[in-house]
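**Q** any chance you can model this:
(2 chains)
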Amino acid sequence: MAENEKNMNTGLVIDEEANKGIGAALSSLWQLLWRDKSGLLGLVMFLIVVFAAIAAPLISPYDPLDQEISQSKEPPAWKEKGDVSHLLGTDTLGRDIASRIIYGSRVSVTVGFLGVSMAFSLGMMIGLISGYKGGRTDNIIMTVVNMVLSLPYLVFVVFVAAVLGNSLLNVILIFGLTDIPVFVRVTRGEVLKLREEGFIEAAKSVGIKTPRIIFRHIMPNLLGPLITLATFEMSAMIFYEAGLGFLGLSVPPSVPSWGNMLAMGRQYLTVYPWMSVYPGLAIVFTGFGMNLLGDWLRDVLDPRMRRMKK
Amino acid sequence: MVKYIATRVTYSIILLIGVLFIVFMLLHLTGDPVSLMVSRQASPDEIAQLREQLGFNRPLVIQFADFVKGAVQGDFGDSFRYRQPAMELVLQRVPATIQLASVALFMAIVMGVTMGILGGSNPNSFLDAAARGLGLLGQTIPTFWLGLILILVFALNLGWFPTYGRETFTFLGLKLPDKSIVLPAFALSLFTTGQLVRFTRSAVMEVRNEDYVRTAHSKGLPRLRIYLKYILRNAAIPLISIIGVQFSYLLSGSIYIETIFSWPGLGNLLAEAVGTRDFFLVQATAFFTSLVVIGLHLLTDLIYVLVDPRIRYE
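**A** Predicted coordinates:
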């Protein structure tokens, strides 16, 4: 405990770990991951989805757009009349559902990854300015941020999507831009806390210039909370994208995506339920994995929590 | 206190003006609102005529002034499809959505807060694991899929509830929904249940370690009394603002559930208006939902001050 306190006061913990080199850092990360099985499970689930998205043409048994009318409306393999050639069955146009789910992960992962990257980078920049400059700049930025965050999000997302029309780029832009305020708020909160820390004051007093303070001393400390936030936001974005698809407002209906599959399946819910059950399970799988991963990251990347766990 | 209330009210009004601006600008996002509203086969003459008729050929500033003038009087133009004032249509749908969101909120509070208290006061027990599981489920099951699964299981296979629609009965002159509200409300509530479980659980865990709770225990006060008077009361304060936020989430989240269950509320109206490109109706729905949400936020902020005497706003 005494040693911990010493570390806390001088802010040496991070430096010590950085000096051990990348290899050591990775191995200590692996140890943390191995100790917490739910985090490991989350990571594995997330990687499966990413792998499916990247390797879709290699692992999917059929072309997701191939229509085989003679084999349409086939139930999953383990059901009566099911056939192993189409593991999760086929839809009303005879397209293989498993293949469409695998290809559908591409839309989800792309929207989630690009949308979050956009919101992350822009949100962090605006948040840094807001938190570090303070004063009137901060007031104006935070008023706008709080205004946007207090609106009924889904209603406006649906509105914008309807005006802009169906396309992957539009969906990414909508989520990337509307998610900026969340990142601004978290970044600003962290910057405000950091600004009062001893090591920032020390850096200022020895005459280090503002950009260097921001990039060398503040930004590395922001990454932990922001990466955690990014995990949760990415999972939320994947949900929202599927939701838009469900309302017919995401990528064009011809593109295989989980939301589009649900929208189509819904029309045949009473007769061919598997058309909507399995795409939904893919969304649940992704969301479950990312939430486990996010919870774990929150614990591990927060240094105070890490000490408590040891 | 009076000053705080005045500031909050002013802020809400500014916010509403901001909403009007956004709602107006969104329609002009692509530059030509008329092209959004007409079918693809429309001739250039027809488009020009409609543009003239709706006043979209005037300068934007004048259009906005006109829009605000109409909006404060509740006039958002006529719906193309229904040939009725858009706001009138919106107001007709309000009761159904409020009922749905209220029942969902009630379900979420009963399940979420109960499980949160049980989990938070017995850390690392079976109950705690159940509470954490429920919290995770709420966050990982999308509402729109849950609705479909509920229909599949409880309406189609078991036949306990109708698959869609809103059946009502009259009680004391009020039209109230019957059991047809159970499935949509439950599907809508699960996300909020998850949030409330997580929140209540950590609030209870935090408060039960406070010094005054230890003092109460050492004084020999009965456990139940400690829970009701010391722990829950203090854990409840932040819960109020969460519930306010969640209710506004339920209002906008109803768009999926109302679509799936053909529930004749605001969400259903919005989805329908978007589908038929009835943009005046979309504007009216978006503005009205924002109005309710902003009002709710204001209300929760004010209740917050009343409930927690420690909070002093200057």
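**Q** surely residue B:279 meets residue B:33?
**A** Yes. Look at residue B:279 against residue B:33 with C-beta atoms under 8 Å: they come within range, at 6.9 Å. Bear in mind the C-beta positions are built from the backbone N, C-alpha and C, glycine included.
**Q** neighbour count for those two, which is higher?
**A** Between residue B:279 and residue B:33, residue B:279 has the larger neighbour count (other C-beta atoms under 10 Å in any protein chain shown), namely 24 against 20.
**Q** ok, now which ones touch the more buried one?
**A** Residue B:279 makes contacts with A:162-163, B:27, B:33, B:36-37, B:273, as judged by C-beta atoms under 8 Å, 6 or more residues apart in numbering or on different chains.
**Q** next one: residue B:244 from residue B:192, what distance?
**A** As judged by C-beta to C-beta, to the nearest Å, residue B:244 and residue B:192 stand 12 Å apart.
**Q** of those two, which one has the most company?
**A** More neighbours surround residue B:192 than the other of residue B:244 and residue B:192, with 26 against 19 (other C-beta under 10 Å).
**Q** so is stretch B:53-71 next to chain A?
**A** No. If you take C-beta under 8 Å from any C-beta of the partner chain as the test, stretch B:53-71 misses chain A, and the best it gets is 14.2 Å.
**Q** got the buried residues for that stretch?
**A** Across stretch B:53-71, burial judged by 16 or more other C-beta atoms under 10 Å in any protein chain shown covers B:56, B:63, B:67, B:71.
**Q** if we can go back for a sec, shared neighbours, residue B:279 and residue B:33?
**A** Common contact partners of residue B:279 and residue B:33 (C-beta under 8 Å, 6+ apart): residue B:27.
**Q** residue A:273: what's its closest spatial neighbour, skipping adjacent residues?
**A** residue B:152 (5.4 Å; C-beta to C-beta, 6 or more residues apart in numbering or on different chains).
**Q** so what's the residue count around that neighbour?
**A** With other C-beta under 10 Å as criterion, residue B:152 counts 17.
**Q** follow-up on the earlier one: save the buried residues of stretch B:53-71 as a markdown table, and put in distance to residue A:281 and secondary structure too.
**A** Compiled in a markdown table, those are given as follows (distance: C-beta to C-beta, whole Å; DSSP: H, G, I helix; E, B strand; the rest coil):
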| residue | distance to residue A:281 | secondary structure |
| --- | --- | --- |
| B:56 | 46 | coil |
| B:63 | 47 | helix |
| B:67 | 45 | helix |
| B:71 | 44 | helix |
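**Q** so what does the helix or strand harbouring residue A:25 touch, helix or strand wise?
**A** Here residue A:25, judged by DSSP states H and E, is contained in helix A:21-35. Judged by 3 or more C-beta pairs under 8 Å, 6 or more residues apart in numbering or on different chains; DSSP states H and E, helix A:21-35 is in contact with helix A:13-19, helix A:37-54, helix A:274-301.
**Q** how about it, which residues are buried there?
**A** Within helix A:21-35, the residues that count as buried by 16+ other C-beta under 10 Å are A:32-33.
**Q** average model confidence for that helix?
**A** Averaging pLDDT along helix A:21-35 yields 74.
**Q** tell me the residue of the stretch 101-250 of chain B that sits nearest chain A?
**A** residue B:145 (3.4 Å; C-beta to the nearest C-beta).
**Q** just the CA trace of the helix or strand containing that residue, in PDB.
**A** Secondary structure assignment for residue B:145, by DSSP H and E: helix B:143-150. Provided in PDB are the C-alpha atoms of helix B:143-150 (Å, rounded to 0.1, in the frame of the first residue of the first chain):
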ATOM      1  CA  THR B 143     -35.600  -4.100 -28.600                       C
ATOM      2  CA  PHE B 144     -36.700  -4.700 -32.200                       C
ATOM      3  CA  TRP B 145     -35.500  -8.300 -32.100                       C
ATOM      4  CA  LEU B 146     -36.900  -9.000 -28.700                       C
ATOM      5  CA  GLY B 147     -40.300  -7.800 -29.900                       C
ATOM      6  CA  LEU B 148     -40.300 -10.300 -32.700                       C
ATOM      7  CA  ILE B 149     -39.200 -13.100 -30.400                       C
ATOM      8  CA  LEU B 150     -41.900 -12.300 -27.900                       C
END
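**Q** what does that helix contact?
**A** A:242-243, A:246, A:262, A:265-266, A:269, A:276-277, A:280, A:283-284, B:183-184, B:186-188, B:190-191, B:253, B:256-257, B:260-261.
**Q** okay, the angle between that helix and helix A:274-301?
**A** With axes from the mean of the first three to the mean of the last three C-alpha atoms, to 10 degrees defining the directions, helix B:143-150 sits at 130 degrees from helix A:274-301.
**Q** any idea how far the residue most central in space within chain B lies from residue B:274?
**A** Centroid-nearest residue in chain B: residue B:251, 2.3 Å away (criterion: C-alpha atoms, centre = their mean). Distance, residue B:251 to residue B:274, by C-beta to C-beta: 17 Å.
**Q** residue B:243 too?
**A** Residue B:243 is 29 Å from residue B:274, by C-beta to C-beta.
**Q** picking that back up, of the contacts of helix B:143-150, keep whichever come out buried.
**A** For the contacts of helix B:143-150, buried by 16+ other C-beta under 10 Å: A:242-243, A:246, A:262, A:265-266, A:269, A:276-277, A:280, A:283-284, B:183-184, B:186-188, B:190-191, B:253, B:256-257, B:260-261.
**Q** return the subset of those lying in helices.
**A** Taking DSSP state H, the ones among the buried ones among the contacts of helix B:143-150 that sit in helices are A:242-243, A:246, A:262, A:265-266, A:276-277, A:280, A:283-284, B:183-184, B:186-188, B:190-191, B:253, B:256-257, B:260.
**Q** what about residue A:173, how many residues nearby?
**A** Each residue near residue A:173 was counted by other C-beta under 10 Å, and the total is 16.
**Q** what's the pLDDT at it?
**A** Here the pLDDT value assigned to residue A:173 is 92.
**Q** how close does it get to chain B?
**A** 11 Å (C-beta to the nearest C-beta, to the nearest Å).
**Q** and residue A:110, by the same measure?
**A** 18 Å.
**Q** which residues touch that residue?
**A** Counted by C-beta under 8 Å, 6+ apart, residue A:110 has contacts A:53, A:168, A:172.
**Q** now the second one: closest residue in space, sequence neighbours ignored.
**A** The shortest distance from residue A:168 to any non-neighbouring residue, by C-beta to C-beta, 6+ apart, is to residue A:251 (5.1 Å).
**Q** is it true that the one you found touches residue A:172?
**A** No. In terms of C-beta under 8 Å, residue A:251 does not count as a neighbour of residue A:172; the distance is 10.1 Å.
**Q** spatially speaking, which residue is in the middle of chain A?
**A** residue A:234 (1.7 Å).
**Q** what sits against the nearest residue to it once chain neighbours are set aside?
**A** Computed as C-beta to C-beta, 6+ apart, the closest residue to residue A:234 that is not its neighbour in sequence is residue A:112, at 4.2 Å. For residue A:112, the contact set (C-beta under 8 Å, 6+ apart) comprises A:234-235, A:237-238, A:241.
**Q** same question for residue A:40.
**A** Neighbour list for residue A:40: A:33-34 [criterion: C-beta under 8 Å, 6+ apart].
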